[in-house]
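Student: How does the following fold in three dimensions:
(2 chains)
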2 protein chains.
Amino acid sequence: MNRKTIMLGVAGDSASGKTTISKGIVEALGPENVTAICCDHYHRYNREQRRQMKLSALHPDCNYIQIMEQHFRLLREGQPILKPVYNHATGDFDAPDYIEPTKFIIVEGLLPFHTRLMRLCFDTKVYLDPPDSLRRAWKIKRDTTKRGYTEEQVLRSMAGREDVAPRFIHPQRGYADMIVRFYPPNEDGDPGDNHLNTQLVLLPTLPHPDLTDVLEHGGGGYDAGGYDPGRAAGRPAMRLDLARYEGRPADFLEIDGSVCPEKAEELMAIIRGHLPPNAGLDESRLGRYQFGHEERRSYPLALTQLLIAYQLILTAEQIAHSTDRAVATTL
Amino acid sequence: MNRKTIMLGVAGDSASGKTTISKGIVEALGPENVTAICCDHYHRYNREQRRQMKLSALHPDCNYIQIMEQHFRLLREGQPILKPVYNHATGDFDAPDYIEPTKFIIVEGLLPFHTRLMRLCFDTKVYLDPPDSLRRAWKIKRDTTKRGYTEEQVLRSMAGREDVAPRFIHPQRGYADMIVRFYPPNEDGDPGDNHLNTQLVLLPTLPHPDLTDVLEHGGGGYDAGGYDPGRAAGRPAMRLDLARYEGRPADFLEIDGSVCPEKAEELMAIIRGHLPPNAGLDESRLGRYQFGHEERRSYPLALTQLLIAYQLILTAEQIAHSTDRAVATTL
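Tutor: Numbering: from 1, shown residues only, chains lettered A, B, ... in the order given. Just a heads-up that it's a prediction; the model follows:
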């Protein structure tokens, strides 16, 4: 495959935060450099047909998997695609979208890592894994406010996919280079709260920036602030631990929502230090999310996005400086 | 390009007989072996958008030419495509069609030979070139009976494309291996008449079967029948002449609608003799066309389709027997 673009995949169940993660990365890298697409439009059947066939929209049999593979490959080769467009409002298909790839491509969706050929197209694979209670609250909020469903419809839709998600969505976690888990500091945490904690599992399938000097020896921004009353007093707000993730060695980076801005900025500066000076990353766009009509900023989110953007920029650098064409174009 | 299929392109203006030609070839080769698609669905805009932009649907700017190139290449490589579907009734787009290529592929439409990359995909290129008066009569008949337009709408639509067709459709004639011209024996001929004459221009870009022994020396089935009162008495009903077509040497095969069945069958037998014995061609399906609610058979049409099918079968043979992979997969 003669690769021309750098591809990020963001997988996760419905309302796991894929669009929020992607949006900040697009804005930080510059919308003119990033093509972001959602791969949940490749349905074989419209809503009425699925209803008659009693098939969930997220079941692979209900999607043109081979065309998704083909389109990911074409995007990686820098070629345009005619992407199908599924309309949630009508439950049917609209005119397709002509997508002309740019330097960076973000593909987000429910099943981007479903097959080997799909996975081979991505330079960086991220899986979003919030606790199900948080994800359900997010989904109800989004689908009732932005997609025009009633709460009852959303609950019914979630009930209908309860067996499909564990079979097809969750296993994709095993292929991710980075697993992102936003979670409330305690069970009754407000799901929209910008003080959500974040756990990042950094698998050694990619060379993540070395943060051990800063974090492993207690340099992680102790914060005496009281956002997390349940937290053990004196535990650092950012922590790096070596542990196993489903049997595989991994770095666990924990960032509490209560981290103080100075410490978070310090860590961001260290990551930035690993990037080329001309990376052209607008960090001010990282960490932003919509809370009702208000835009807020979360440092755990900003750090997550920065660590993802880091991989994309690094890959771009490697390709640009590689004299070995085989390396530059390799999968 | 690692080719896997054998591709026929059939170009021509609206209502020039593309579907009629293709249908008989599909049936003769077996629908399970042939994928027939129309490439007139790759519009960038729906009817309303085109109206606002004052852009004709057949103008290349109004079509995803690059995606057509890509899809032709994918089909040639044996890969499936998700073909856009334009709905003439609504003037908008429907759910796309999943096309899984078979051994033979027929692409018919207004612009299949528009770019070099498109042309490179075809093993055989046919251009349909009926006299404009006949084509207009066919178009009015078809669009008012099968597509639900009024005659006034059809006339207006034809007026709107009068400058576009000469710029983009007609020049494709220059890339064809075979140019087919059905024409009435005299000016006031009934356009649906099965006694239409046919002129086939066989360009030496392909190895057409040698018919000189049969036809050039007066063996072409003289017919004393009176279907063509204007015809010079004693002129053979099938004739082969060497002449120039737009400056290039070509064989001109003329078949009068009045040709007697025995003579036409004789010529078909000779062409069949050039084909492998296991070609699996159902010749009984050739030459059929719809006249109102009635199915009729035309020998000039049957012979035209047979000469086209001949090319497809021959290419399949060459690929099957080629030990040189480079030849088999070459453009």
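Student: Show me how far the host helix or strand of A:Ile106 is from its chain's centre.
Tutor: Element membership for A:Ile106, per DSSP states H and E: strand A:104-109. Distance of strand A:104-109 from the chain centroid (C-alpha atoms, centre = their mean, to the nearest Å) equals 9 Å.
Student: got the contact list for that strand?
Tutor: A:5-11, A:18-19, A:21-22, A:25-26, A:29, A:33-40, A:72, A:75-76, A:122, A:312, A:316 (C-beta atoms under 8 Å, 6 or more residues apart in numbering or on different chains). Placement of C-beta: from N, CA and C, glycine included.
Student: Then stretch A:274-286?
Tutor: Contacts of stretch A:274-286 (C-beta under 8 Å, 6+ apart): A:24-25, A:27-30, A:209-210, A:268, A:272, A:301-302, A:305-306, A:309-310, A:313-314, A:317.
Student: got a list of what A:Ser125 touches?
Tutor: No, residue A:125 isn't Ser; it's Lys. So A:Lys125 contacts A:8-9, A:11, A:112-113, A:119, A:175-178 (C-beta under 8 Å, 6+ apart).
Student: please redo it, this time with the cut-off set to 6 Å
Tutor: Contact partners of A:Lys125, counting by C-beta atoms under 6 Å, 6 or more residues apart in numbering or on different chains, are A:9, A:113, A:175-177.
Student: Which stretches in the stretch 101-250 of chain A count as helices?
Tutor: In the stretch 101-250 of chain A, the helices defined using DSSP state H, counting those that start in this stretch lie at A:116-120, A:132-145, A:151-160, A:164, A:212-215.
Student: Please identify which of those is closest to chain B.
Tutor: helix A:116-120 (11.8 Å; C-beta to the nearest C-beta).
Student: hmm, the closest one in reach of chain B?
Tutor: No - taking C-beta under 6 Å from any C-beta of the partner chain as the criterion, helix A:116-120 and chain B are apart, separated by no less than 11.8 Å.
Student: Rounded mean pLDDT for the strand holding A:Ile106, please.
Tutor: In this model, strand A:104-109 has a mean pLDDT of 98.
Student: now do stretch A:303-320
Tutor: Rounded mean pLDDT across stretch A:303-320 is 93.
Student: same deal with stretch A:255-271?
Tutor: The average pLDDT for stretch A:255-271 rounds to 91.
Student: buried ones in it?
Tutor: Going by neighbour count (16 or more other C-beta atoms under 10 Å in any protein chain shown), the buried part of stretch A:255-271 is A:255-260, A:263-265, A:267-268, A:270-271.
Student: With just CA atoms, put that stretch into PDB.
Tutor: Only the C-alpha atoms of stretch A:255-271 are listed here, as PDB (Å, rounded to 0.1, in the frame of the first residue of the first chain):
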ATOM      1  CA  ILE A 255      -5.000  12.300  35.600                       C
ATOM      2  CA  ASP A 256      -7.500  13.500  38.200                       C
ATOM      3  CA  GLY A 257     -10.100  16.100  37.200                       C
ATOM      4  CA  SER A 258      -8.800  18.100  40.200                       C
ATOM      5  CA  VAL A 259      -5.300  18.400  38.800                       C
ATOM      6  CA  CYS A 260      -4.200  22.000  39.100                       C
ATOM      7  CA  PRO A 261      -3.700  23.900  35.800                       C
ATOM      8  CA  GLU A 262      -0.100  24.700  36.400                       C
ATOM      9  CA  LYS A 263       0.900  21.000  36.900                       C
ATOM     10  CA  ALA A 264      -1.200  20.000  33.900                       C
ATOM     11  CA  GLU A 265       0.500  22.700  31.700                       C
ATOM     12  CA  GLU A 266       3.800  21.500  33.000                       C
ATOM     13  CA  LEU A 267       3.200  18.000  31.800                       C
ATOM     14  CA  MET A 268       1.900  19.300  28.500                       C
ATOM     15  CA  ALA A 269       5.100  21.300  28.100                       C
ATOM     16  CA  ILE A 270       7.100  18.100  28.600                       C
ATOM     17  CA  ILE A 271       5.100  16.300  25.900                       C
END
